[in-house]
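>>> the amino acid sequence is not available; the structure is as follows:
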Ligand code: CP
């Protein structure tokens, strides 16, 4: 079971608002739960009698499934709301949907939404805990936490590590959450993308900015490769997927200049042959599927902490 608690938040909305100590508490709690996920009977009664609702307004494979598994491993009851066939289609607002879910006795609402800030609005309107499962271009806190957890598990520390985040920085909630988390824990972060995919003022986040993929790879202990988000307004950001791959795709050839121990990460879903080659994605440096597995322990930790908060924001 997790160590002495100091968690005071009802919700997990973003990494930006967390202290280094809060992030470390989540990581340490996840470490305890990781052991549970390897047992023959992968279940503890920590959330018995609690109800967790997945409310996803955008598609998801990894996040939704691992939140469901995490809740079930903690013995919670889990409801998945299919927004496409819900009353959202009749015009029901996010707040009304949230209040109705709460009226059905939900203790935790996990929300993914295409609007940045949607989980914050919901958290003000319900007493249930709200967990951000990705809001627009803003934050994806549990993805960053599982990325950091994976890095720490593989390399033994975060402080002093050099991590390059490569790809569509402009539209990436994963990039923003990782930058907040990694820099708070003392890592040196570089972001690398074509100029059009790096928002102005990026240096103010405390990161190094480069457009040179080889430089970003050469100095890194780990690279986190981001998907080109063609479903957002990226269609005109690069002439074609093939040209993007030629200039910014992470391939075996590009990794020749890397440190021997470099880790290749990707939050998924992968666009093979666009931001990463199949050989690299499936190769020995890749920890992409370990990231997915670690998502269960990290999300168990988050669900446990928000439902056992000691009251009052930190
Ligand atoms: N990384 C991630 O958020 O994946 P899903 O969209 O499948 O949840």
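That came through, no problem. Predicted, not measured: the structure shown is a model, and the values here were computed from it. Residues are numbered from 1 along each chain as shown.
>>> so what pairs up with residue 130 in the strands?
Residue 130 forms beta bridges with residue 109, as assigned by DSSP bridges.
>>> my read: it touches residue 121, true?
No - counting by C-beta atoms under 8 Å, residue 130 does not reach residue 121; the two are 9.4 Å apart. Just so you know, the C-beta spots here come from the backbone N, C-alpha and C atoms, and that holds for glycine as well.
>>> which one's more surrounded, those two?
residue 130 (25 against 17; other C-beta atoms under 10 Å).
>>> for that one, give me the pLDDT.
Residue 130 is assigned 98 on the pLDDT scale.
>>> again, but for residue 241
With respect to pLDDT, residue 241 has a value of 85.
>>> now do residue 261: how many residues are near it, please.
Neighbours around residue 261, by other C-beta under 10 Å: 10.
>>> show me what contacts the nearest residue to it once chain neighbours are set aside?
In space, and not counting its chain neighbours, residue 261 is closest to residue 221: 6.8 Å by C-beta to C-beta, 6 or more residues apart in numbering. Applying C-beta atoms under 8 Å, 6 or more residues apart in numbering to residue 221 gives the contacts 155, 161-163, 259, 261-263.
>>> per-residue pLDDT, residue 2?
The score at residue 2 is 50. That number is its pLDDT.
>>> try residue 190
Residue 190 is given a pLDDT of 98.
>>> OK, contacts around the spatially most central residue of the chain?
In the chain, the centroid-proximal residue (C-alpha atoms, centre = their mean) is residue 143; its distance is 1.2 Å. For residue 143, the contacting residues are 63, 134, 173-174, 177-178, 267, 295, by C-beta under 8 Å, 6+ apart.
>>> could you rerun that using 7 Å?
Contact analysis of residue 143 by C-beta atoms under 7 Å, 6 or more residues apart in numbering lists 174, 177, 267.
>>> considering these, which is situated nearest to the ligand?
Nearest to the ligand among those, counting by C-beta to the nearest ligand atom, is residue 267 at 3.9 Å.
>>> run through the bridge partners of residue 272.
Beta-bridge partners, per DSSP bridges, of residue 272: residue 276.
>>> tell me which residues touch the closest residue to residue 24 other than its chain neighbours, please.
Nearest residue to residue 24, sequence neighbours excluded (C-beta to C-beta, 6+ apart): residue 185, at 7.6 Å. With contacts defined as C-beta under 7 Å, 6+ apart, residue 185 is in contact with 20, 23, 148, 158-159.
>>> quick one, which of those residues are buried?
23, 148, 158 (16 or more other C-beta atoms under 10 Å).
>>> for the last one, give me its contacts.
The neighbourhood of residue 158, defined by C-beta under 7 Å, 6+ apart, consists of 148, 151-152, 182, 185-187.
>>> ok, now the second one?
For residue 148, the contacting residues are 27, 158, 181-182, 185, by C-beta under 7 Å, 6+ apart.
>>> circling back to that earlier point, just the buried residues out of the contacts of residue 158, in ChimeraX syntax.
This is the ChimeraX syntax for the buried subset of these, where burial follows 16+ other C-beta under 10 Å:
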select :148,151,152,182,185,187
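>>> closest to the ligand out of the contacts of residue 158?
Taking the contacts of residue 158 together and measuring to the ligand by C-beta to the nearest ligand atom, the closest member is residue 148, at 14.0 Å.
>>> quick check on the closest one: phi, psi?
phi -70, psi -40 (degrees, to the nearest 10).
>>> what's the answer for residue 134, then?
According to degrees, to the nearest 10, residue 134 has phi 120, psi 120.
>>> chain neighbours aside, what residue packs nearest to residue 151?
Nearest to residue 151 is residue 222, by C-beta to C-beta, 6+ apart, at 5.7 Å.
>>> list the buried residues of the helix or strand of the chain at the bottom of the mean pLDDT ranking.
Among the helical and strand segments of the chain, the one scoring lowest on mean pLDDT, DSSP states H and E is helix 241-248, with a mean of 91. By neighbour count on 16+ other C-beta under 10 Å, the buried set for helix 241-248 is 244-245, 248.
>>> the residue of the stretch 101-250 of the chain found nearest the ligand sits in which helix or strand?
Closest approach between the stretch 101-250 of the chain and the ligand, counting by C-beta to the nearest ligand atom: residue 143, at 5.2 Å. Following DSSP states H and E, one finds residue 143 within helix 141-155.
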